[in-house]
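Peer 1: here you go, sequence then predicted model.
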Amino acid sequence: MTAAENVCYTLINVASDSEPPSEVSLKIDLEKGEIKAKTEALKKVIIMILNGEKLPGLLMTIIRFVLPLQDHTIKKLLLVFWEIVPKTTPDGKLLQEMILVCDAYRKDLQHPNEFIRGSTLRFLCKLKESELLEPLMPAIRACLEHRHSYVRRNAVLAIYTIYRNFEHLIPDAPELIHDFLVNEKDASCKRNAFMMLIHADQDRALDYLSTCIDQVHTFGDILQLVIVELIYKVCHANPSERARFIRCIYNLLQSSSPAVKYEAAGTLVTLSSAPTAIKAAAQCYIDLIIKESDNNVKLIVLDRLIELKDHPTHERVLQDLVMDILRVLTTPDLEVRKKTLQLALDLVSSRNVEELVIVLKKEVIKTNNVTEHEDTDKYRQLLVRTLHSCSVRFPDMAANVIPVLMEFLSDTNEAAAADVLEFVREATQRFDNLRPLIIEKMLEVFHAIKTVKIYRGALWILGEYCSTKEDIQNVMTEVRRSLGEIPIVDNEIKKEAGELKPEDEVSAGPAQKLVTEMGTYVTQSALSSSRPSKKEEDRPPLRGFLMDGDFFVGASLATTLTKLALRYVLIVQDKKKQNSFVAEAMLIMVTVLHLGKSSLPKKPITDDDVDRISLCLKVLSECSPLMNDIFNKECRRSLSHMLTVRLEEEKLSQKKESEKRNVTVQADDPISFMQLTAKNEMTSKEDQFQLSLLAAMGNTQRKEAADPLASKLNKVTQLTGFSDPVYAEAYVHVNQYDIVLDVLVVNQTSDTLQNCTLELATLGDLKLVEKPSPLTLAPHDFANIKANVKVASTENGIIFGNIVYDVSGAASDRNCVVLSDIHIDIMDYIQPASCTDAEFRQMWAEFEWENKVTVNTNIIDLNEYLQHILRSTNMKCLTPEKALSGFCGFMAANLYARSIFGEDALANVSIEKPIHLGPDAPVTGHIRIRAKSQGMALSLGDKINLSQKKANI
């Protein structure tokens, strides 16, 4: 309860534009007005007292004319009034009038209406004057036996707060409440009574729990939650009690309340690290995720499972539950599915990989049958990537996965198909035994590929890995089929002129050859005659791409045909067949060139594509050994090198992760035996309930760094000068979505300052939550004022304002001290994050706000400058370390970060070292920042500008 000590009981909204009424008019309303007028007058009195007015003349008026009234609204308002009104004289003695008030509340505690009794008991919890409470104690005790549960439960709370603040008034409270608890039947009353015993007399609480430990599962959920808290605290302080209560926690895992199950599972994990306990808790978490409909709850519980996985001894237990964890994939939310797949991938082992792959294959097939939803494509991508990772880690699985995934190459969603293609390329390079299967499947789906990017990738794989005569001929057949009748230009002109009907194309040369060589494609001849009304639909895929002006695929086709022709020449000895194949390949290249130069396509061929196709023609006409080596060996070597580097990076990151998780124990570290540990040493572990309470109140205790600069003092901002009549400084505490300003105000004058008010305003996406209340400061006195500011997005914000006050006894206007601006740093909201190259490029193309920052620094080393920028901006470098190593005078790197609000920030660093200016010349270049919002791009640019230069130490 210590963390919840200083709480605010009552919040009252005040209309800022209302005029304060005079004391005389209020007195008349309170004396002679109707009930409604008295109610309004009482409200105004309460608001004026809250704003610092004293109004001592109204106290007796309210006691005489308002206190005897039986109206419930008046009674409720009076409770607020007596809570806030000053009850003592300036020398600290209780006002005589309060005796009359005390007598009125003694009568209310005996009132026949349970609402009046209950609300009066709630009010007594807030009183801090023991002289007022003493005469009321018999009436409070009597309320414990009231027929209505509302009165009884508030009586328990009143007794608890009185016992905590003034133990001498009711010294036998624990015994009284224990007897009450034994005989009580209502769940809410039992919960309040038990909670009091936990904090007031833990031994009595344990005695009661021991008597009914077998009936705990029949209790209400609110009482069960308090029992879980008690067991946690007892076992935390005295581990020898674990055996006594752990069975009770196991029983509570079967509770009907999700909150109880969640807390019981969390407590069980902290109390025991036995595999059975961890398994039971994890199973409970999984059931909660599946049964709870709220996605936020699912994500929170998933985080708990991930925390369990991060513990080395618990990981093996969770590996047995991978199949249960995969049941969470039934949730339609993408974020939940993403976390679940990542968790399953981290837990996968040789024991369960086969089952995991079967489930994921079913999920992939399911996404194909589902009616299109905006997240279906992204989910399919996630599944493909997970299967990709499984196959790389467990090569035996690749043969099962590839046939299913190859079907998705013909998917209309380019991103999912690109992921499949990348996986297929890696599998083909790594697993020699799977190449025939992959080539066969690739040829089957080749004609159905719909996007040009995937088509290019498929062409490259077929050109690189087809090594038998039959495969090479099959690829040529597929290419001819995909191009249609050649020469393309003549064929297209004939179609335009109407000399050739689209149906005739089906029986053209290449199609006949297709049917004779690959019988499986007999039914596919309907492709070109499906709907002749639209000419574009009649075209085969490759011809369609070329007619749209995408000649990059033509250049890719030329490279593929060159590789195949060079390999065909080496395999087949018959000169006639060699020449025939090479001539066919050259004819296709020439017809593509011819088409590009004609006016038929939507866009003409580019010079780069012309150069590439011309080069391929030259290579085929000369057939030199050097070119043969470059086309057929160097390409594959480059891919192999790239995959090796990527694998090394993955292994390195996995190693770092495992090092983080492994608990390293030094050789000379003392071994602690639980049985030999003193009780006071047991409390070294953090109390989870206290931590969660602090987190809910926004007082998260972050571990401060050893460096004194990282302590609280570093976050103190001076707001006024030392010679100002009022000195102010603020400690800026940044929580996730709000900022707490703790302002220290010091009166440096010899006068009393009345109505001293801190007035704040904000600039940027900040919003002041509530207006700080006015204070009265004695001469040379000081006070702390807290103000909350909500943050809505990631951008630099400014808080500015002033302090206004009246000098006691002075006739002049209000005085004002202007405060310095408080600048809110964007770095408190930005965290390093990672994404794939494809995602980076996609976001780079989508984001509309760009900020170009010119490099202006005194740093002379490229790598040092990059590291300096990374430290200053909290961004992560996506460019691999190996790509940045070495020295060549220039450097390009991609950086990425994400804010706590889910906003992405991208940056591209392009810097060079001007060698002609000497070795001490500073780095030059540009940093381009892109973000979805203007504020993010500008704020990050400002941050880089401010921190570019290295401070001289």
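Peer 2: Received it, and whenever you're ready, just let me know what you need.

Peer 1: give the next helix or strand downstream of the strand or helix carrying Val745.
Peer 2: According to DSSP states H and E, Val745 maps onto strand 738-747. If you walk from strand 738-747 toward the C-terminus, the next helix or strand you reach (DSSP H and E) is strand 753-763.

Peer 1: gap between that following strand and the chain center?
Peer 2: Its chain's C-alpha centre lies 35 Å from the corresponding centre of strand 753-763 when counted by CA atoms, centre = their mean, to the nearest Å.

Peer 1: same question, stretch 105-123
Peer 2: In terms of CA atoms, centre = their mean, the centre of stretch 105-123 is set 47 Å apart from its chain centre.

Peer 1: mind checking how far Glu263 is from Thr161?
Peer 2: With distances taken as CB to CB, to the nearest Å, Glu263 is found 25 Å from Thr161. Bear in mind the C-beta positions are built from the backbone N, C-alpha and C, glycine included.

Peer 1: one more: Val610?
Peer 2: As judged by CB to CB, Val610 and Thr161 stand 88 Å apart.

Peer 1: repeat for Lys27
Peer 2: Counting by CB to CB, the gap from Lys27 to Thr161 is 34 Å.

Peer 1: name the residues that touch stretch 207-216?
Peer 2: Among residues not part of stretch 207-216, those counted as contacts by CB atoms under 8 Å, 6 or more residues apart in numbering are 178, 181-182, 194, 197, 224, 227, 230-231, 245, 247-248, 251-252.

Peer 1: next, count neighbours for Val818.
Peer 2: Counted with other CB atoms under 10 Å, the neighbours of Val818 add up to 12.

Peer 1: beta-bridge partners for it, please?
Peer 2: The bridge-partner assignment for Val818, based on DSSP bridges, gives Asn802.

Peer 1: over to the one 5 residues further on?
Peer 2: Using DSSP bridges, the bridge partners assigned to His823 are Ile798.

Peer 1: ok, now which ones touch it?
Peer 2: In this structure, His823 makes contact with Asn796, Gly797, Ile798, judged by CB under 8 Å, 6+ apart.

Peer 1: which of the residues you listed lies closest to Asp294?
Peer 2: Proximity of the contacts of His823 to Asp294, judged by CB to CB, is greatest for Gly797, which lies at 31.4 Å.

Peer 1: so how far is Asp765 from the closest one?
Peer 2: 6 Å.

Peer 1: which neighbours do these two share?
Peer 2: Overlap between the neighbourhoods of Gly797 and Asp765 consists of Val791, taking contacts as CB under 8 Å, 6+ apart.

Peer 1: so if I had to pick from these two, which one is more boxed in?
Peer 2: Of the pair Gly797 and Asp765, Gly797 is the one with more neighbours under other CB under 10 Å, namely 23 against 17.

Peer 1: verify the stated contact: Leu766 with Ile822.
Peer 2: No: with contacts counted by CB atoms under 8 Å, Leu766 stays clear of Ile822, the gap being 10.1 Å.

Peer 1: which residues do these two both contact?
Peer 2: Ile799.

Peer 1: tally of neighbours for the closest residue to Ile278 other than its chain neighbours?
Peer 2: When the adjacent residues along the chain are set aside, Ile278 lies closest to Val317, with 4.6 Å between them (CB to CB, 6 or more residues apart in numbering). Per other CB under 10 Å, the neighbour tally for Val317 reads 22.

Peer 1: now do the same contact list for Val317.
Peer 2: Pro275, Ile278, Lys279, Ala282.

Peer 1: you'd agree the third one is up against Arg316?
Peer 2: Pointing back at Lys279 there. No: applying CB under 8 Å, one finds Lys279 not in contact with Arg316, separated by 10.4 Å.

Peer 1: which residues do these two both contact?
Peer 2: Counting by CB under 8 Å, 6+ apart, Lys279 and Arg316 have no common neighbour.

Peer 1: can you point me to the longest helix in this protein?
Peer 2: Selection of the longest helix in the chain by residue count, based on DSSP state H, yields helix 635-661.

Peer 1: just the buried ones from the contacts of stretch 207-216?
Peer 2: Among the contacts of stretch 207-216, those scoring as buried are His178, Leu181, Phe194, Leu197, Gln224, Ile227, Leu230, Ile231, Phe245, Cys248, Leu252 (criterion: 16 or more other CB atoms under 10 Å).

Peer 1: secondary structure of the fourth one: a strand, I assume?
Peer 2: No: under DSSP: H, G, I helix; E, B strand; the rest coil, Leu197 sits outside any strand and is assigned helix.
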